[in-house]
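1. okay, here's the prediction I keep looking at, along with the sequence it came from:
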Amino acid sequence: MIIEDESTLGEIIRESLESRHFNAQHCSTATEGLHQFFSTRPSLVILDVMLPDMDGFQVARQIRMTDKETPILFLTAKSLPHHVVEGFESGGNDYLKKPFSLEELIVRIKVLLSKDRLLLDESLADTLEIGEYRLMTGKQVLNHSTGVQKLSSKEAELLILLYGNRNRVVERKAILLKLWKDDHIFNSRSLDVYITKLRKHLSKDPSVQIINYRGVGYKFIC
């Protein structure tokens, strides 16, 4: 379900999804979107933040009052950290800034509809180009012009996971369940330690960043 007041954009998204064999419905107001959501129970909601009758965060909160599972993907021109945090706090699962490519939207939809909501690219090469770094995935070695860093297994797994989901916010819980198999507080603290280690390993290239969205998760940029 697409809830988007820009009719042209909404129809473009709907037609693009249908051309890829999704069933898609476009609603132009929050009121219509909520009515159709509770009537049809879609598998996923693409939700604009700026709607004429109610903002998208309010729509998400209303959905989450009775539905905790259906993925919600926000579309918006607002991308400051506090906007992103508000989106997740209201019940969103992902956040895509306008303008965006339809291919990126499709990838994010597939991720949200997957079992663990993480994109793990099975075609990742043995060597990953990460800014000025090269990660030898099999050997778990991070190369830079200034030297070579051997990574631990967990450091390498975390870096590969973040790289595979680069430029999107990955929830802490999803990382913990994927790499530690549970989200116990002790594992959460371990995740913080490994994030700090990766930041140090990658510090020679300022274009490579791991951004923390407090209480939500991380975004890997390179």
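-> That came through fine.

2. after the longest helix seen in the chain, which helix or strand is next?
-> Longest helix in the chain, counting residues (DSSP state H): helix 185-201. Using DSSP states H and E, the helix or strand that follows helix 185-201 in sequence is strand 209-213.

3. list the buried residues for that following strand?
-> Q209, I210, Y213 (16 or more other C-beta atoms under 10 Å). Quick note: C-beta positions are derived from backbone N, CA and C, even for glycine.

4. repeat for stretch 147-154
-> Q149, L151, K154.

5. can I get those residues in CSV including secondary structure, distance to T66 and pLDDT?
-> Shown next, in CSV, are the buried residues of stretch 147-154 (DSSP: H, G, I helix; E, B strand; the rest coil; distance: C-beta to C-beta, whole Å; pLDDT from 0 to 100):
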residue, secondary structure, distance to T66, pLDDT
Q149, strand, 48, 94
L151, coil, 44, 94
K154, helix, 38, 93
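
6. name the nearest of those relative to R166.
-> Nearest to R166 among the buried residues of stretch 147-154: L151, at 17.4 Å, using C-beta to C-beta.

7. wait, the closest one touches G138, no?
-> No: using C-beta atoms under 8 Å, L151 is not in contact with G138; the gap is 11.6 Å.

8. burial check on S203, number of neighbours?
-> 10 (other C-beta atoms under 10 Å).

9. give me phi/psi at it?
-> Here is the backbone geometry of S203 (degrees, to the nearest 10): phi -70, psi -10.

10. what about the helices in the protein?
-> Using DSSP H, helices in the chain cover 7-19, 30-40, 56-64, 81-89, 102-113, 153-164, 172-179, 185-201.

11. worst average pLDDT in the ones you listed?
-> When the helices of the chain are compared by mean pLDDT, helix 81-89 comes last with a mean of 81.

12. and that helix, what's buried?
-> H83, V84, V85, E86, G87, F88.

13. other SSEs contacting it?
-> helix 56-64, strand 72-76, strand 94-97, strand 169-171, strand 209-213 (3 or more C-beta pairs under 8 Å, 6 or more residues apart in numbering; DSSP states H and E).
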